[in-house]
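Trainee: below are the sequence and a predicted model for it; my questions follow.
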Amino acid sequence: MSVTLSILDLAPIAPGQTARETLAGSVQLARAAERHGYKRVWYAEHHNMETIASSATSVLIAHIAAHTESIRLGAGGIMLPNHAPLTIAEQFGTLETLHPGRIDLGLGRAPGSDQATMRALRRDNSSADRFPQDVLELQGFLGDESRIPGITAVPGVGTHVPLYILGSSLFGAQLAAHLGLPYAFASHFSPDALQQAVTLYRRDFKPSAQLSEPYVIAGVNIVAADDPAVATADFEALRRIRLRGLISRGPATPQYSDEEIDAFLTTREGHQLASMMKYTGVGTGDDARRYLENFAEIAQADELMVCHQSVTIEGRLRSLELTADAMKAAQV
């Protein structure tokens, strides 16, 4: 089975690492993805998170694009309620103008932050209610005819940067189907509604100028290493870090030991948090290949957005390489 692979780079700031080191690692990861035949690399907008360095998503994409040659790059995604559509049209119109044919724009409805951060961004809860209208407004700015008379995105107009609707619920699936846009499901961290949402999207899809048939991208985690025991240990370390981040309440949060975190994972609440990474393949490159082929069928996916998970950039790079090599070997 041939599966199209792409990468979601979460730009994680590991313990003891600086944001600068993380961003340098993102350049390495994109270059490696380009060499190994991945279709695209996406970066997600998050704010007020000490462990993620992709908050200025369009700036990061510009930096990565300047250090790569051909791979597609984009946002997976921009949280549109945080921004004016004209601003995003200008940013991604500029990216497309500088790097023609290489830029994607995935759009999410969630704020990508907590309530306090929403206020700091000068947004409110009603911002998300305007998401469908904002998508159409943005589409107009990037197309040939603005929906707001007298307002033009420069750069932006006529660039036709392809839009993707992101989601983890039925809302995004319905909107993507109605607008005739590709749909990317965030099953790498929110797996529960995956199959229901994809089924709804494929059933209700209406062709558009951008897309004639439904197109599904599904997120999935992979931890691949030369030694499966190393992959398992890496996954367990990563899961502890992720759990610490989820239960953190700032500097006042106790510094839980690994043993305490592992004990918490055995509780009902711990199981619920751990289930966020339900779709995770762990093992060798061949293990990763088998997992991805099976997951693509489960998700009815045309493309998989792989999060290569590891505490270190070296681990993520090796996971990327092993997975790509195993996929290519199986196609020979």
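Mentor: Received it, and whenever you're ready, just let me know what you need. Numbering: from 1, shown residues only.

Trainee: doesn't residue 195 make contact with residue 299?
Mentor: Yes - the criterion here is Cβ atoms under 8 Å, and residue 299 meets it with residue 195 at 7.3 Å. (Glycine included, C-beta is placed from N, CA and C.)

Trainee: more neighbours, the two?
Mentor: Comparing residue 299 with residue 195 by other Cβ atoms under 10 Å, the one with more neighbours is residue 299, at 23 against 15.

Trainee: contacting residues for that one?
Mentor: By Cβ atoms under 8 Å, 6 or more residues apart in numbering, residue 299 lies in contact with 185, 187, 194, 195, 198, 216, 218, 220.

Trainee: run the last query once more with 7 Å
Mentor: 187, 194, 198, 216, 218 (Cβ atoms under 7 Å, 6 or more residues apart in numbering).

Trainee: starting from residue 222, give me the distance back to it.
Mentor: 14 Å (Cβ to Cβ, to the nearest Å).

Trainee: ditto for residue 40
Mentor: Where residue 222 is concerned, residue 40 sits at a distance of 16 Å (Cβ to Cβ).

Trainee: more neighbours, those two?
Mentor: More neighbours surround residue 222 than the other of residue 40 and residue 222, with 32 against 22 (other Cβ under 10 Å).

Trainee: show me the contact partners of the one helix or strand the more buried one maps to.
Mentor: For residue 222, the element it lies in under DSSP states H and E is strand 216-224. Strand 216-224 is contacted by residues 8, 182-188, 194, 198, 201, 231, 234-235, 277, 279-285, 288, 292, 295, 299-310, 319, 322-323 when judged by Cβ under 7 Å, 6+ apart.

Trainee: let's go with 6 Å and repeat that
Mentor: For strand 216-224, contacts defined as Cβ atoms under 6 Å, 6 or more residues apart in numbering pick out 183-188, 198, 231, 234-235, 277, 279-282, 285, 288, 295, 299, 301-309, 319, 322-323.

Trainee: next one: stretch 164-173
Mentor: Contact with stretch 164-173 is made by 77, 106, 108, 175-176, 181-184, 186, 190, 193, 197, 200-201, as judged by Cβ under 6 Å, 6+ apart.

Trainee: show me which of the residues you listed is closest to residue 139.
Mentor: Nearest to residue 139 among those, counting by Cβ to Cβ, is residue 181 at 8.6 Å.

Trainee: hang on, that closest one in a helix?
Mentor: No - Residue 181 is assigned coil when assessed by DSSP: H, G, I helix; E, B strand; the rest coil, not a helix.

Trainee: what sits up against the helix or strand harbouring residue 230?
Mentor: Secondary structure assignment for residue 230, by DSSP H and E: helix 228-247. Residues outside helix 228-247 that contact it (Cβ under 6 Å, 6+ apart): 51, 223, 225, 258, 261, 273, 282-284, 309-311, 315.

Trainee: and stretch 85-103, by the same measure?
Mentor: Against stretch 85-103 from outside (Cβ under 6 Å, 6+ apart): 58, 61, 65, 72-74, 78, 105, 134, 137-138, 141-142, 153, 155-156, 159, 161.

Trainee: which of the contacts of stretch 164-173 fall in helices?
Mentor: Judged by DSSP state H, the contacts of stretch 164-173 include 175, 176, 197, 200, 201 as members of helices.

Trainee: among the contacts of stretch 85-103, name the ones in strands.
Mentor: Counting by DSSP state E, the part of those found in strands is 72, 73, 74, 78, 105.

Trainee: which of the residues you listed lies closest to residue 28?
Mentor: Nearest to residue 28 among the ones in strands among the contacts of stretch 85-103 is residue 73, at 14.4 Å by Cβ to Cβ.

Trainee: thought that closest one was touching residue 67?
Mentor: No - the criterion here is Cβ atoms under 6 Å, and residue 73 misses it with residue 67 at 10.4 Å.

Trainee: more neighbours: these two, which one.
Mentor: Taking other Cβ under 10 Å, residue 73 and residue 67 do not tie; residue 73 has more neighbours (24 against 13).

Trainee: quick one: contacts for the more buried one?
Mentor: By Cβ under 6 Å, 6+ apart, the residues touching residue 73 are 41, 61, 64, 65, 102.

Trainee: try 8 Å
Mentor: Residue 73 is in contact with 30, 40, 41, 42, 43, 61, 64, 65, 99, 102, 103, 104, counting by Cβ under 8 Å, 6+ apart.

Trainee: for the closest residue to the fourth one other than its chain neighbours, what are its contacts?
Mentor: In other words, residue 42. Residue nearest to residue 42 in three dimensions, not counting chain neighbours: residue 76, with 3.0 Å by Cβ to Cβ, 6 or more residues apart in numbering. Contact partners of residue 76, counting by Cβ under 8 Å, 6+ apart, are 8, 42, 43, 44, 104, 106, 164, 166, 184, 305.

Trainee: flag the least confident of the residues you listed.
Mentor: On pLDDT alone, residue 44 ranks lowest of the contacts of residue 76, at 95.

Trainee: ok, now how distant is that one from residue 74?
Mentor: According to Cβ to Cβ, residue 44 and residue 74 sit 10 Å apart.

Trainee: burial measure for residue 210, as a count.
Mentor: Neighbour number of residue 210 under other Cβ under 10 Å is 16.
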